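> Kindly generate the corresponding structure for this input.
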Amino acid sequence: MLFRRLGADFNPQVVVVSLMTLVIMMGSSVISPVLPLIAQEFGVSYVGAGALVSAFALGRIPFDFIGGAMVDRFSPRWIAAGGAAVVAISAGLSAGAQSFHVLLLYRLLGGVGSALFTITAMACLARTVAPQRMGQAMGFYQSMLLIGVSVGPSVGGVAASVFQNLRAPFWAMAGLSFAVTMMSFRWVGEFTPTSTQAHPATTSARAPSTLRRLSHDFTFVYICSVTLLLFGIRSGVTLNLMPLFAQETLGLSETGIGLAQSLCSLANFCVLWHAGRLLDRAGRRWVLLASLWATALAVLCFPWTTTAWGLMLAAILFGAAIGYVGPAPAAVIADLTPPGAAGKVMGVYRGAGDTGLLLGPIVVGWAASHLGFTPAFLTVALCTGLVALLGAGMRETLLEHQPGDTMNETP
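Got it, this is the predicted structure:
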């Protein structure tokens, strides 16, 4: 019944692509519980475990751009399937890696495959969803991504425990990614004739000029900055600053920290669909700026918490506020993307996000260690508020397309 309702609200391909993203993100996060243990197995410190995470992100960043260019020129079906296959192969190779440096290389390869699949998925959404429903589509897509990221670690922990093998989660990741490879061949559709398949010379010449034009568009540059901030504070606060603060200031155990993170993710998930609908009704600009201010206020709640229950409440407020921010940048980018350039434009957007994902924990961690927790939280809130202030110059992009430029919901 749920999927029938979703099919009525969206192009069925939106549902399919989002569900495939759920599966591949679950596969990508399934190994997170064992990374510190594998690092110890190779005789390296926790910094080594961080390097394994960073290697995956480093593989993604350049291929956000390269993959975006490929999507505009070649079959999205083959690129999505190829990206998922690369993730599956890298996971299988990682399971048999005999040295830490070889494992780093395989993790880098996995990031390449993940970037190729993700860019194709977002380009498909940008090409197949009408602007009037883009917010809802992006909200649904991000909710499925969040479920995958949230469920993955549990699957990995169970796999490692059942098989009594730290490498078992890699095989789970390989199996899930291989399933997405097969699903991509079956369900990822081709772009309509306005893409490069119909006019390769015209589109290939137009795509660079599109990026040059957008680079002079304040709204586009601003949204890329918001995306970098969003991914940076989401990873920096949730994965680094909040756990350290909970342990060192409040004395919470790993169980308490995990509960706070879970509540943050749950609050995020609960508002995503409403955020998407609000974006399509009230407009992108109003929702984005209001939720940025709400996020800044939510971050300010953390340094004033003195109990575990206070931290849980702050985590819920932060998760809900940033959940309303989440779909807005993707919806605006899709509004600004002309036919034939979806891949490259989405590549720039994802590149900004992955850069924030990589730098966020590092910058926030440095601030906490050199300035203290309260100044670190205040710095995050100040940066968020400053970005919200700069948004005064952003224009509303909902229904900005001319009728001839808008992609209808056709597969």
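> mind checking pLDDT for Arg395?
Per-residue confidence (pLDDT) for Arg395: 91.
> try Tyr141
88.
> Beyond the helix or strand where it lies, next helix or strand please.
Element membership of Tyr141, judged by DSSP states H and E, is helix 134-163. Going down the chain from helix 134-163, the next helix or strand is helix 168-187, by DSSP H and E.
> For that next one, give the mean pLDDT please.
Per-residue scores along helix 168-187 average to 89.
> Name the surrounding residues that touch it.
13, 16-17, 20, 23-24, 26-28, 30-31, 33-34, 77, 80-81, 84-85, 87-89, 91-92, 94-95, 113, 117, 155-157, 159-160, 162 (C-beta atoms under 8 Å, 6 or more residues apart in numbering). In this view, the C-beta of every residue, glycine as well, is placed from N, C-alpha and C.
> For that helix, what is the distance to the chain centroid?
Distance, stretch centre to chain centre, for helix 168-187: 19 Å (C-alpha atoms, centre = their mean, to the nearest Å).
> re earlier: quick one, the helix holding Tyr141 and helix 168-187 angle?
For helix 134-163 against helix 168-187, the angle by axes from the mean of the first three to the mean of the last three C-alpha atoms, to 10 degrees is 140 degrees.
> Which strands or helices does helix 134-163 pack on?
helix 12-29, helix 100-128, helix 168-187, helix 254-282, helix 327-336 (3 or more C-beta pairs under 8 Å, 6 or more residues apart in numbering; DSSP states H and E).
> okay, those helices, which one's buried deepest?
Mean neighbour count, computed with mean count of other C-beta atoms under 10 Å, is highest for helix 327-336 among the helices and strands packed on helix 134-163, reaching a mean of 27.
> Between helix 134-163 and it, find me the angle.
Helix 327-336 and helix 134-163 are oriented at 130 degrees to each other (the same axes, to 10 degrees).
> that older thread, for the helix holding Tyr141, which residues meet the burial criterion?
134-153, 155-156, 159-160 (16 or more other C-beta atoms under 10 Å).
> what separates it from the chain centre, distance-wise?
Its chain's average C-alpha position is 11 Å from that of helix 134-163, according to C-alpha atoms, centre = their mean.
> Please apply the same query to stretch 261-278.
Averaging C-alpha positions (C-alpha atoms, centre = their mean) puts stretch 261-278 14 Å from its chain's average.
> For that stretch, which outside residues touch it?
Against stretch 261-278 from outside (C-beta under 8 Å, 6+ apart): 135-140, 142-143, 146-147, 149-150, 238-239, 242-243, 287, 291, 312, 315-320, 322-324, 326-328, 331.
> Report the backbone C-alpha coordinates of that stretch in CSV.
The C-alpha trace of stretch 261-278 is given here as CSV (Å, rounded to 0.1, in the frame of the first residue of the first chain):
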residue,chain,number,x,y,z
GLN,A,261,23.1,9.6,17.8
SER,A,262,20.2,7.3,17.1
LEU,A,263,17.7,9.9,18.4
CYS,A,264,19.3,12.5,16.2
SER,A,265,19.0,10.3,13.1
LEU,A,266,15.4,9.4,14.1
ALA,A,267,14.4,13.0,14.4
ASN,A,268,16.1,13.7,11.1
PHE,A,269,14.2,10.9,9.4
CYS,A,270,10.8,11.9,10.9
VAL,A,271,10.8,15.4,9.4
LEU,A,272,12.3,14.7,5.9
TRP,A,273,9.1,13.9,4.1
HIS,A,274,7.3,17.0,5.7
ALA,A,275,10.3,19.1,4.7
GLY,A,276,10.1,18.0,1.1
ARG,A,277,6.4,18.8,0.9
LEU,A,278,7.0,22.2,2.6
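> Which residue is the nearest non-sequential neighbour of Gly393?
Spatially, and ignoring its direct neighbours in sequence, Gly393 is nearest to Phe218 (5.6 Å; C-beta to C-beta, 6 or more residues apart in numbering).
> Tell me, how many residues neighbour that neighbour?
Applying other C-beta atoms under 10 Å, we find 11 residues neighbouring Phe218.
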